[in-house]
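1. Dropping a prediction and its sequence here:
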Amino acid sequence: MFKLIIEEKKYEKKIILKEIDITLTQNSIYGFFGKNGQGKTTLFHCILGFTKFRGNVLFDNHELKSQDIAWIPTEPDLYEYLTVKEFMDFYAVNCGKEKADMNHLLFDVDPSKLIKECSTGMKKKLYINAVLQIADYKVYIFDEPFNGLDIEANYVLLRHIQKLAQTHIVLLSSHIIEIVLPYLEHCYFIDNAKVTKYSKEDLMKNFTLDD
C-alpha cells in the first residue's frame, strides 16, 4: 500500500500543494494530470524526497525512501562526454551493481556512442534503459515519459509500463491523455494546489488539458 500525505508544500510564500491525501492499495497505473505549472512534477519531487514539505510518504506503513523509487523525469540530465556504455555502468554502480546489464534493454542504443552525439529521443531511451535495468523498485514514477520519443518507442514504453503495473504501483503524468487513459486504474487532476480524484469519463468530460 502506497500513501501520500501533503499537508502543505510551498516555495517562499506561494503554496504549491496542500491538503493532499492519496492512498493506493493495488498494483496498477495511476495517472496525474493538470495544466503546466499546477504542481505535477512538484508532487513527484515530494514523493522522491527531492524537496521539503509538511507531510509524509509511506509504503506498507513504512517511510518510502528515494532509492526504492524508479524515477523517469521529463528531461533527464546526462553526462554528455560519457559513452552510452559508460553512463549505463555509472548508473548501475551508483545503484549498487558492479556494472550494467546490456543484454536485456528496452531500447537499442549504440553502446560506443558519445551521449553528446545522441538525439533528444536517444538520450531519453538511454536514461530509461539505465533506470529500468535496476531491479527491483517498490514504486515507479514516469513524468511525461513519452516526450521526445518516436511513435514506435512510445508504444514500446507503454507496453512495458503495463507490464510493470502488474506487480508494482506506477505513477504517471502525461499530456497525451488519450493514449494512457484506457490503461489507468484511477485519474488525479491537480489544480489550484489540490488533487482531485476523477473517473476516466469525468476527466475527459470536464477538463481540457491544453496549455
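-> Received, thanks.

2. Return the set of buried residues in the helix-or-strand element of the chain with minimal mean pLDDT.
-> Least confident helix or strand, the chain: helix 200-206 with a mean of 76, by mean pLDDT, DSSP states H and E. Buried positions in helix 200-206, judged by neighbour count with 16 or more other C-beta atoms under 10 Å: residue 203. To be clear about C-beta, it is placed using only N, CA and C from the backbone, and glycine gets the same treatment.

3. And stretch 47-61, by the same measure?
-> Neighbour counts over stretch 47-61 (16+ other C-beta under 10 Å) mark 47-48, 53, 55, 57, 59 as buried.

4. thinking again about what came up before, against which helices or strands is the least confident helix or strand of the chain packed?
-> Using 3 or more C-beta pairs under 8 Å, 6 or more residues apart in numbering; DSSP states H and E as the contact test, the elements touching helix 200-206 are strand 186-191.

5. Return stretch 146-154 as PDB; C-alpha atoms alone will do.
-> Extracted C-alpha coordinates of stretch 146-154, given in PDB (Å, rounded to 0.1, in the frame of the first residue of the first chain):
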ATOM      1  CA  PHE A 146       6.600  10.000 -23.900                       C
ATOM      2  CA  ASN A 147       8.100  13.400 -24.600                       C
ATOM      3  CA  GLY A 148      10.900  13.200 -27.100                       C
ATOM      4  CA  LEU A 149      10.200   9.600 -28.200                       C
ATOM      5  CA  ASP A 150       9.000   8.500 -31.600                       C
ATOM      6  CA  ILE A 151       5.700   6.800 -32.000                       C
ATOM      7  CA  GLU A 152       7.100   3.200 -32.000                       C
ATOM      8  CA  ALA A 153       9.100   3.900 -28.900                       C
ATOM      9  CA  ASN A 154       6.000   5.400 -27.200                       C
END
